[in-house]
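In: Just to be clear, the model below is a prediction. Sequence and coordinates:
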Amino acid sequence: MKKERSDFIYIGYTNDLDRRMEEHKLDKPGYKVVYYEAYSSDKDARHREQMLKDYGNSLGHLKKRIKGSLED
C-alpha cells in the first residue's frame, strides 16, 4: 500500500532551521513545514527527537495535534 503524503512526517534535529529548510527544498520539492518545535537546550531537542522516533505514542499524539495541518 502506497503511503499518502499526509502519512509521512519527517522528524529531525538541526541547529539551523533556515539552512535545513533550504536543503529540504532542494532535496524534496513540494514538502512543507507544518510544525516544528524549538528548544534552547541541545540536549532537550535531541531527547524530543528520539521520543518521537522511538515511541509511536508520542508521534501519535503529535499527529492528532496537527491533524488539520497534515490534510492537503
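Out: Received, thanks. Bear in mind that the values here come from a model prediction, so they are computed numbers and not experimental data.

In: what's the next secondary structure element after the biggest helix by length in the chain?
Out: When secondary structure is assigned using DSSP state H, the longest helix within the chain turns out to be helix 42-54. Using DSSP states H and E, the helix or strand that directly follows helix 42-54 along the chain is helix 56-65.

In: now the next helix-or-strand element following that next one, how far from the centre of its chain.
Out: Remark: after helix 56-65, the chain's next helix or strand is helix 67-70, criterion DSSP H and E. Relative to the centre of its chain, helix 67-70 is centred 12 Å away, using CA atoms, centre = their mean, to the nearest Å.

In: Buried residues in helix 67-70, which are they?
Out: Taking 16 or more other CB atoms under 10 Å as the neighbour-count basis, helix 67-70 is seen to contain no buried residue. Backbone N, C-alpha and C define where each C-beta goes, glycine included.

In: Could you give the average pLDDT over it?
Out: The average pLDDT within helix 67-70 is 87.

In: Not counting it itself, show me its contacts.
Out: The list of residues contacting helix 67-70 from outside it, by CB atoms under 8 Å, 6 or more residues apart in numbering, reads 6, 9, 34-35, 63.

In: which one among those gets closest to residue 16?
Out: Of all these, residue 35 has the smallest distance to residue 16: 17.9 Å, by CB to CB.
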